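S.K.: predicted model follows, preceded by the sequence.
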Amino acid sequence: VADGGNRTVPVAIRVVVLDVNDNTPVFDAGSALRTFNLSELAPLGQVASFAAQDPDSAENGTLQYSITSASNRSLSSFRVDSVTGDLLVMHIDHEVQTSHELIIT
């Protein structure tokens with residue numbers, strides 16, 4: 001700021017640029033399309049893990065995994081851990097359903 005006598009006083013400012021949620025999460029290469037065989041006698045628990053990245057910061061980069069689509073009885077047969085992306089088998093029976101298709105987002 002300057003006065004009428006050309007005396008000035010500087011002031012330092014800092015501009016902080018805030019992140020917006022402008023990036024789409026991307027699954028890691030190994031997580032893309034997966035097909036695997038699983039015995040109906042497999043123990044309950046983790047059968048696969050999915051990982052994604054989001055370059056946004058703070059809560060804009062926080063990921064939450066979910067099964068958004070599933071064939072027939074698949075929703076009752078599988079769960080996905082919303083924090084880790086681990087796919088868990090709850091119960092499968094070959095005589096009831098021979099294959100399962102899931103979409104995880």
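M.R.: Looks like it came in fine.

S.K.: surely M90 touches L44?
M.R.: Yes. Judged on C-beta atoms under 8 Å, M90 makes contact with L44 at a distance of 6.4 Å. For every residue, glycine as well, the C-beta is placed using N, CA and C.

S.K.: in the protein, where is pLDDT below threshold?
M.R.: Along the chain, the model assigns pLDDT under 70 to residues 32.

S.K.: just the helices from it, written as ranges.
M.R.: Per DSSP state H, the chain carries helices over the ranges 74-77.

S.K.: tell me the gap between stretch 68-76 and the middle of its chain.
M.R.: Distance of stretch 68-76 from its chain centroid, counting by C-alpha atoms, centre = their mean, to the nearest Å, is 19 Å.

S.K.: in that stretch, what counts as buried?
M.R.: By 16 or more other C-beta atoms under 10 Å, the buried positions in stretch 68-76 come out as A70, S74.

S.K.: now swap in stretch 49-69 and tell me
M.R.: Buried residues in stretch 49-69, counted by 16+ other C-beta under 10 Å: F50, Y65, I67.

S.K.: pick the one among these closest to T8.
M.R.: Y65 (56.2 Å; C-beta to C-beta).

S.K.: that closest one contacts T105, doesn't it?
M.R.: Yes. Applying C-beta under 8 Å as the test, Y65 and T105 come out as touching, 7.4 Å apart.

S.K.: for the closest residue to Y65 other than its chain neighbours, give me its contacts.
M.R.: Ranked by C-beta to C-beta, 6 or more residues apart in numbering and with sequence neighbours excluded, the top spatial neighbour of Y65 is G85, at 4.5 Å. G85 sits next to S31, S49, F50, A51, A52, L63, Y65, I104 when contact means C-beta atoms under 8 Å, 6 or more residues apart in numbering.
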